[in-house]
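Peer 1: I need the structure of the sequence given here:
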Amino acid sequence: MERQIIGRGILAGALAGVLAFGWAKLLIEPIIGRAIDFENGVGAAHEAAEHSHGAGGHSHGGESVEVFTRGVQSNVGMGLGVLIFSVAMGALLAVVFCAVYGRANLSARALAALTAGGMLVSLWIVPALKYPPNPPAVSLDETIQQRTLLYLLLVVLSAGLFVGSVLLARRLTPKLGVWNACLVGVADYVVSMAVVFLILPGIHETPSTFPADDLYQFRLFSLGTQVVIWATIGLVFGAMASKLLEGKRESVSA
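Peer 2: Just a heads-up that it's a prediction; the model follows:
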């Protein structure tokens, strides 16, 4: 049964990946192109300034050669990246669903939708409040390892604290009731993440001359990509899991 459920999670993730790629290709890719043009323009301006100040009368010959063209990166690269991420998240949601289903007084559809919503919040929205996504070619190359490690650390902490808050709310439900217990759980998560935000260092390296509209749209459309992924996974997986589980129940009762 678990394998069948996880298989449906993978299928839901694959569909989510296709839809999310379409969204990203249509809305995010043009911004990435403008960000790369911005970086190239800044680099050309720096070279011109160096030459004008007598920093060298000829090229250093250190130009980087693209291993993959922009067309390959924006189509195959982006498509595979989004698809692999979505499939992995679909499988992860299915695993969480298997662990929780039967313990919560919820239907398969409702549990899948709530799980997808919780994962969207804890794995992306909250970490993005501290370390928002930036277009490629905007942040500094020398800080990529630091930024990656800090972001992954924040995602792990957010997910762990979210699960802890859910367990706390569930434990308090018999005493406080569902509504009050949920409020306590939300408050616990918010306060815990506020402390984490204060402890972890900030990263501020986006050039002040970078177009603010492009930066805003990139972050907004990145959020939209995640919403497409998790909404599709939650709804499609919920429908498939519900059909599977209801079919098993009917066969058992018969």
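
Peer 1: so where's the longest helix in this protein?
Peer 2: Longest helix of the chain, by residue count under DSSP state H: helix 212-253.

Peer 1: and that one, what does it pack onto?
Peer 2: Where contact means 3 or more CB pairs under 8 Å, 6 or more residues apart in numbering; DSSP states H and E, helix 212-253 is packed against helix 2-27, helix 29-52, helix 78-100, helix 108-120, helix 126-130. Using the backbone N, CA and C atoms, a C-beta is placed for each residue, glycine as well.

Peer 1: tilt between the fourth one and helix 2-27?
Peer 2: In other words, helix 108-120. Interaxial angle of helix 108-120 relative to helix 2-27 (axes from the mean of the first three to the mean of the last three CA atoms, to 10 degrees): 50 degrees.

Peer 1: pLDDT on helix 108-120, on average?
Peer 2: Per-residue pLDDT values over helix 108-120 give a mean of 96.

Peer 1: give me the contact list for that helix.
Peer 2: For helix 108-120, contacts defined as CB atoms under 8 Å, 6 or more residues apart in numbering pick out 89, 92-93, 96-97, 100-101, 104, 106, 162, 166, 226-227, 230-231, 233-235, 237-239, 241-242, 245-246.

Peer 1: just the buried ones from those?
Peer 2: By neighbour count, with 16 or more other CB atoms under 10 Å, those hold 89, 92-93, 96-97, 101, 162, 166, 226, 230-231, 233-235, 237-238, 241-242, 245 as buried.

Peer 1: about what we covered before: which one of the helices and strands packed on helix 212-253 lies closest to residue 158?
Peer 2: Comparison of these against residue 158 by CB to CB identifies helix 126-130 as nearest, at 5.0 Å.

Peer 1: would you turn the helices and strands packed on helix 212-253 into JSON lines with distance to residue 181?
Peer 2: Below are the helices and strands packed on helix 212-253 laid out as JSON lines (distance: least, CB to CB, whole Å):
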{"stretch": "helix 2-27", "distance to residue 181": "28"}
{"stretch": "helix 29-52", "distance to residue 181": "42"}
{"stretch": "helix 78-100", "distance to residue 181": "16"}
{"stretch": "helix 108-120", "distance to residue 181": "15"}
{"stretch": "helix 126-130", "distance to residue 181": "21"}
